[in-house]
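K.L.:
can't give you the sequence, but here's the structure:
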Ligand SMILES: Nc1ncnc2c1ncn2[C@@H]1O[C@H](COP(=O)(O)OP(=O)(O)OP(=O)(O)O)[C@@H](O)[C@H]1O
């Protein structure tokens, strides 16, 4: 994706405990690479909103350090100017035109009068609303309102845009339109943090994924690596008799095997460390213990499975 990986944001040892004693973040570490769409995932209560509120400067952490835009000396005002926050709730005025909405929010960032019209038009173009700019949001579909919400958050041309579940409750067509707008923003130079409860969306647009739970990062890798690592290397084998713990121990010890679980009395699931690692050694063990192999299934894992594996929870309740 990029030739040189430059950090746009560096988060080190971020901690937050709320007044009621709830520890939301526990020495959280991660970075955001310039030009990427970073999917930010976690089950309910994982600490995502807390993290995003701290990144957005709305909430203070107890401890830790955030370096924005590679410059440790920036003031909060300078940071805010380069941040775009797209909230989950719509923050638009229904009774003024789309253009006036974007202009209003852009004016809050102190954009020069000579530049503001161009910036507003550009933001509306980026979300595909240029044709409807003179119409009021009260005449818009839910998806169009969401896109206007995005335009309002990006007219000041932020370097980093944080999306907080921007597609909740909208139809698939509008959702695709929003996802395309987000990809366009990335392609035109913005860096994006994207939180969602929809794994398909992450697989559709994200370059890298962070899965957090209990206030810490459980997984931080490129989408490609995650899917490669967790996809083709899992097998389920069924045999004709009960599999004893002794057999499972033997399989655990065999080369290339990284994880072994008993699915049922006569079924075992195991993962290999490489995509096309041979499974002969596992078969040999089963045969040695006089177990006849009835079936072998390769299990394809998607991001939802990886999430469940790591957190023990489903992303959507
Ligand atoms: N204002 C608050 N006061 C007290 N505890 C809070 C507050 N906000 C969040 N928490 C607690 O902090 C933990 C992390 O919550 P947070 O809202 O950051 O999670 P989340 O990952 O955004 O969850 P969700 O997906 O449900 O929005 C939870 O245990 C939550 O109950």
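P.N.:
That came through, no problem. As the structure is a prediction and not an experimental result, all values here were calculated from the model. Numbering: from 1, shown residues only.

K.L.:
all contacts plus neighbour counts: C-alpha atoms, from now on.
P.N.:
Noted.

K.L.:
OK, contacts around the residue lying closest to residue 242 once chain neighbours are set aside?
P.N.:
Nearest non-adjacent residue to residue 242, counting by Cα to Cα, 6 or more residues apart in numbering: residue 266, 4.8 Å away. Residue 266 makes contact with 238-243, according to Cα atoms under 8 Å, 6 or more residues apart in numbering.

K.L.:
swap in residue 29?
P.N.:
Taking Cα under 8 Å, 6+ apart, we find residue 29 in contact with 10-14, 216-217.

K.L.:
now do the phi/psi pair for it.
P.N.:
The phi and psi values for residue 29, taken as degrees, to the nearest 10, are phi -130, psi 130.

K.L.:
can you point out the helix or strand that includes the residue nearest the centre of the chain?
P.N.:
With distances taken as Cα atoms, centre = their mean, residue 39 lies nearest the centre of the chain, 1.6 Å away. Counting by DSSP states H and E, the element that carries residue 39 is strand 37-41.

K.L.:
so which elements touch that strand?
P.N.:
If you count contacts as 3 or more Cα pairs under 8 Å, 6 or more residues apart in numbering; DSSP states H and E, strand 37-41 packs onto strand 191-195, strand 208-213.

K.L.:
at 10 Å what do you get?
P.N.:
helix 48-55, strand 160-164, helix 172-187, strand 191-195, helix 199-205, strand 208-213, strand 216-222 (3 or more Cα pairs under 10 Å, 6 or more residues apart in numbering; DSSP states H and E).

K.L.:
returning to what we had before: any idea how far the residue nearest to residue 242 lies from residue 254?
P.N.:
Going from residue 266 to residue 254 by Cα to Cα, to the nearest Å gives 19 Å.

K.L.:
try residue 133
P.N.:
In terms of Cα to Cα, residue 133 sits 64 Å off from residue 254.

K.L.:
buried ones in stretch 242-261, by neighbour count?
P.N.:
243, 247-248, 251-252, 256-258, 260 (16 or more other Cα atoms under 10 Å).

K.L.:
so of the residues you listed, which ones are in strands?
P.N.:
257-258, 260 (DSSP state E).

K.L.:
what's the closest of the residues you listed to residue 195?
P.N.:
Closest to residue 195 out of those is residue 258 (30.2 Å), distances taken as Cα to Cα.

K.L.:
how about that closest one, what does it touch?
P.N.:
When contacts are counted by Cα atoms under 10 Å, 6 or more residues apart in numbering, residue 258 touches 233-234, 251-252, 270-274.

K.L.:
as a markdown table, the residues you listed with pLDDT would be great.
P.N.:
As requested, the contacts of residue 258 are exported to a markdown table (pLDDT from 0 to 100):
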| residue | pLDDT |
| --- | --- |
| 233 | 76 |
| 234 | 84 |
| 251 | 96 |
| 252 | 94 |
| 270 | 92 |
| 271 | 86 |
| 272 | 86 |
| 273 | 81 |
| 274 | 79 |
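
K.L.:
picking up where we left off before, surely the residue nearest to the centre of the chain is in contact with residue 219?
P.N.:
No: with contact defined as Cα atoms under 10 Å, residue 39 does not reach residue 219; the gap is 11.2 Å.

K.L.:
quick one: common contacting residues for those two?
P.N.:
Contacts common to residue 39 and residue 219, judged by Cα under 10 Å, 6+ apart, are 209-211.

K.L.:
quick one: the strands in the stretch 51-200 of the chain?
P.N.:
63-68, 83-86, 160-164, 191-195 (DSSP state E, counting those that start in this stretch).

K.L.:
do you know which of those lies nearest residue 52?
P.N.:
So among the strands of the stretch 51-200 of the chain, strand 160-164 is nearest, using Cα to Cα, at 7.7 Å.

K.L.:
report the angle between the closest one and strand 63-68.
P.N.:
On the basis of axes from the mean of the first three to the mean of the last three Cα atoms, to 10 degrees, strand 160-164 is oriented at 120 degrees to strand 63-68.

K.L.:
what packs against strand 160-164?
P.N.:
strand 37-41, helix 48-55, helix 76-81, strand 83-86, helix 142-154, helix 172-187, strand 191-195.

K.L.:
pick the one among the buried residues of stretch 242-261 closest to residue 69.
P.N.:
residue 258 (38.6 Å).

K.L.:
ok so, going back, of all the residues in the strand holding residue 39, which ones are buried?
P.N.:
37-41.

K.L.:
now tabulate those residues in a markdown table and tack on distance to the ligand.
P.N.:
Converted to a markdown table, the buried residues of strand 37-41 look like this (distance: Cα to the nearest ligand atom, whole Å):
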| residue | distance to the ligand |
| --- | --- |
| 37 | 19 |
| 38 | 15 |
| 39 | 13 |
| 40 | 9 |
| 41 | 8 |
